[in-house]
Every structure is written in structure tokens, then in C-alpha cells.
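Engineer: just to be clear, the model below is a prediction. Sequence and coordinates:
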Amino acid sequence: LGNAFVCDMSPEEISANRGSLTEPGKESPYRNRSVEENLKLFREMREGKYPDGSKCLRAKIDMASPNVNMRDPVIYRILRETHYRTGDKWCIYPMYDFAHPICDYLQGVTHSLCTLEFEDHRPLYDWVGITLGFNPKPRQIEFARLNVTNLVMSKRYLKKLVEDGSVDGWDDPRMPTLTGLRNRGVPAEALKDFCARIGVCKANSEVQISYLEACIREYLNAHAERAMAVLKPLKVTLTNYPDGKTEEVDFDINPSEEIKRTRKITFSKNLYIDADDFSLTPPPKYFRLKKDGMVRLKGAYIIKCDDVLFDDDGNVKELLCSYIPESRSGEDNSGIKVKGTIQWVNAEDAVDTEIRKYGYLLKDEEYPGQDFSERMNPNSVTVFNG
């Protein structure tokens, strides 16, 4: 129909003749080939008669258009690359701007939602749909990209992270991919809530990652089942607890539920608490365990730290504590009030595991001209064993 032509100019020549924002481009000397000649040459391109880059198919639009994308853009090129579906059957490939509206139409897409950088490409998207007679023609609308602080959101950079081994793959829990977020334990409902709250806009902006975390935390707080874990085990021996005795205490499956559910966990003389929940020199208003201080073990008893044992290097290795038998959770008649509640596990049957604590992929510091790699956080994951 005369809407495209085979051009013999090299990519460099096409670029040089495209013009600028203030100057029109120059028409290709091959622009007015006949339909028959163009069809013949295009078939020969498809059959592999010409080397890569020697010919291309260009749309015939307007070399004087103020939109550079409309100046007879290339829509097919010769490229001998193995395709993941068709193998080496084809040696011509459509350009993205040509394939995009066609794929949308064939797949029944009515509205193609793109990021702002595609705004200048919309006239070409419409031209393809109108020229090929799409009915109904898909509509392209551009919106601002969702940018989140401390996260890599560019597919190109994410691909680089995977390829250079900075992360463990596309499903690494630090990655903002769907598989990565799922691996991290982020529920789909929390992501939907986050997207609904921030909305969609036309202006480029950046959302604080703390807002995303707040949406995740709010959902998990209402729905997640609880468990206790100790990252840095510090042994606690209850000196007044009977030797060999083991009892069961009730543990809240989710304290936020309207109808309370519990499960049984075991309690004994030998426990582990987290080393971060004890301090020899506590700061003011420190409500966790300290020497001669008292704290509640979650779901169990109030304990008092009577003595501290050290290893040869002067590090705390064990706490000798006493428990208050009358202070059992749910049955407390001790009359003792404590402000702190800490996690614990029963040393007799606690399960060893590997726990990974993930931080942000990118550091907070950012300045103009900064290279992407300079913002990478080398401590974005900490592994705890045991």
C-alpha cells in the first residue's frame, strides 16, 4: 500500500539523515521504490539473502515531523540471532515500536499503560494501529514509573545484578521482582494495598520504602501466624526450676485475631534468649533483661537475672536466673509488674536453622552523577546460623 519501503542505507547513515529537534531529516534515496520491488526485497530479506544491517524495512511517514520517532522509523531489520521459539527460522525481526501495538491488538489489549518515556512514541503506536486498520485500536496512556527509595527498579540494572552475582537470582528476597517479594514473604494483598494507597500519577516521583514496609507490616500484623526465634543465642539457666521437668505453655498464634487461638510450646530449666535482649550496662528506660532486673518471657514466666557467667575472653556466656512460679502467663497472681517482654526458645528441643536478615539493596546516600554501583549496599544480607 506504499506505507513502507526497503532501505539500503546503513544504520549510521539513517541516524545521520534523521535530522535534529530543530532541523528536518533527509529522505532516503530508496524511499520511492515501487510496492512490487519492496515486496520482492522484503521476501529476500526474510530468506536470508542479505547480510545483517545491509537492508531494513522503514515506515514511510514524514521526515519533517517535529517528532523524530515519526521520521520514517525502522520497523524490521536483518538480524541473525537464534529466537527462543523459532530457532534460526527467521533472520528478520520487528522493532519494538512496530511489534508493540500489533501484539496489543492481537492479545485483545484495549489500553496499553506505559511509563512516561513512551509518550513521544505514542504517535507511532497510533500510526501503526490506524494504518493496519485495527478496530478497535488499542489506546496507549503513559503514567509515571513507580520508584521506591533504596530499591533497584530498572529491569536493566536488575539484570546486571543477577549477571554479576550481586544477588542470588531473580527470586533473591532483596529483589523487587514478584518472585523475590514472594520469597521474602511479602503477601500479594500488602502489595495491592500499597499500590492502591499511593495511586497513579503523571508526575515523576519517588515513594519512601518505609511506606511500603508499613503496608506489609500492617497486613502481616493482622494475618501472620507467630513463632519465636533467637538470632544470637544466650543461654539462660533457671536455677530454681526443677531438674528434668518440662511443661507446656500456651502461645498466641496471632494476638491480633478477634477469636484467640493458641498452640502449645515447651518450657524447661534451660532456655536461650537473644543476646541483644540482655545488657550489662543498660541505657535509661531499658526494659529488657539486666543484672538484678526482671523481665517476662513471652507466654511463660517472669524471670530475674541473679548472676552472669563470662567466658575466658570476658564475653557473657550464660545467665543464672530464677523464675517466679506464680507469674505464669494467663494465670499470674504474683503481683509483680514488669515492663519488658522478650522472646525465648527451649534449649531442650529448639531447632537449629539458618536465618537471613535482609536490608536494602541501595544505601541512602545519593548525589548527582553518582554511579549506580556506588549506592550498592554490601551489607544487605546478614546470615545467622544455629
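Structural biologist: Everything's here; your move. Numbers count the residues shown, from 1 in each chain.
Engineer: contacts, neighbours, all on C-alpha from now
Structural biologist: Fine.
Engineer: okay, how far is it across stretch 281-294, tip to tip?
Structural biologist: 15 Å (C-alpha to C-alpha, to the nearest Å).
Engineer: just the helices in the chain please.
Structural biologist: 11-16, 35-46, 96-106, 122-131, 155-163, 178-184, 188-198, 209-223 (DSSP state H).
Engineer: and Asn346, which of these is closest to it?
Structural biologist: helix 209-223 (24.5 Å; C-alpha to C-alpha).
Engineer: would you mark the buried spots in that closest one?
Structural biologist: 212, 215-216, 219-220 (16 or more other C-alpha atoms under 10 Å).
Engineer: just stretch 264-278 next, same as before
Structural biologist: Buried-residue list, stretch 264-278, by 16+ other C-alpha under 10 Å: 265-275, 277-278.
Engineer: save those as TSV, and put in distance to Thr239 too.
Structural biologist: Shown next, in TSV, are the buried residues of stretch 264-278 (distance: C-alpha to C-alpha, whole Å):
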residue	distance to Thr239
Ile265	21
Thr266	18
Phe267	14
Ser268	11
Lys269	7
Asn270	9
Leu271	11
Tyr272	14
Ile273	16
Asp274	19
Ala275	19
Asp277	20
Phe278	18
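Engineer: can you redo these as TSV with distance to Phe143 and pLDDT?
Structural biologist: Shown next, in TSV, are those (distance: C-alpha to C-alpha, whole Å; pLDDT from 0 to 100):
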residue	distance to Phe143	pLDDT
Ile265	51	96
Thr266	54	97
Phe267	56	97
Ser268	59	97
Lys269	61	97
Asn270	58	97
Leu271	55	98
Tyr272	52	98
Ile273	50	98
Asp274	47	96
Ala275	48	96
Asp277	47	97
Phe278	50	97
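Engineer: ok, these vs Asp250, which is closest?
Structural biologist: Ile265 (6.5 Å).
Engineer: distance-wise, check that closest one relative to Gly185.
Structural biologist: For Ile265 relative to Gly185 (C-alpha to C-alpha), the value is 24 Å.
Engineer: ok, Arg31 next?
Structural biologist: 56 Å.
Engineer: so which of the two has more stuff around it?
Structural biologist: Just comparing Arg31 and Gly185: by other C-alpha atoms under 10 Å the higher neighbour count belongs to Arg31, 18 against 12.
Engineer: show the contacting residues for that one.
Structural biologist: 5-7, 60 (C-alpha atoms under 8 Å, 6 or more residues apart in numbering).
Engineer: with Glu331 instead?
Structural biologist: Counted by C-alpha under 8 Å, 6+ apart, Glu331 has zero contacts.
Engineer: please apply the same query to Lys137.
Structural biologist: With contacts defined as C-alpha under 8 Å, 6+ apart, the neighbours of Lys137 are 105, 110, 126, 129-130.
Engineer: just the buried ones from those, in PyMOL syntax?
Structural biologist: A single PyMOL command selects the buried members of those (16+ other C-alpha under 10 Å):
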select buried, resi 105+126+129
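Engineer: show me the two of the contacts of Lys137 that sit farthest apart.
Structural biologist: Farthest pair in these (C-alpha to C-alpha) is Thr110 and Ile130. Separation: 14.2 Å.
Engineer: for the chain, give me the ranges with low pLDDT.
Structural biologist: 367-369 (pLDDT under 70).
Engineer: can you tell me how far the spatially most central residue of it sits from Cys114?
Structural biologist: The geometric centre of the chain, computed from its C-alpha atoms, lies nearest to Pro176 (C-alpha atoms, centre = their mean), at 0.9 Å. Here the criterion is C-alpha to C-alpha. By it, Pro176 lies 19 Å from Cys114.
Engineer: re earlier: adding distance to Asn385, write the helices of the chain out as TSV.
Structural biologist: Formatted as TSV, those follow (distance: least, C-alpha to C-alpha, whole Å):
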stretch	distance to Asn385
helix 11-16	56
helix 35-46	58
helix 96-106	48
helix 122-131	53
helix 155-163	25
helix 178-184	18
helix 188-198	29
helix 209-223	25
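Engineer: of those helices, which is nearest Arg296?
Structural biologist: Here helix 209-223 is closest among those (C-alpha to C-alpha), at 21.3 Å.
Engineer: quick one: the strands in the stretch 251-386 of the chain?
Structural biologist: Counting by DSSP state E, counting those that start in this stretch, the segments of the stretch 251-386 of the chain that form strands are 262-268, 270-274, 278-279, 289-290, 294-297, 302-310, 316-323, 341-342, 345-346, 354-358, 381-385.
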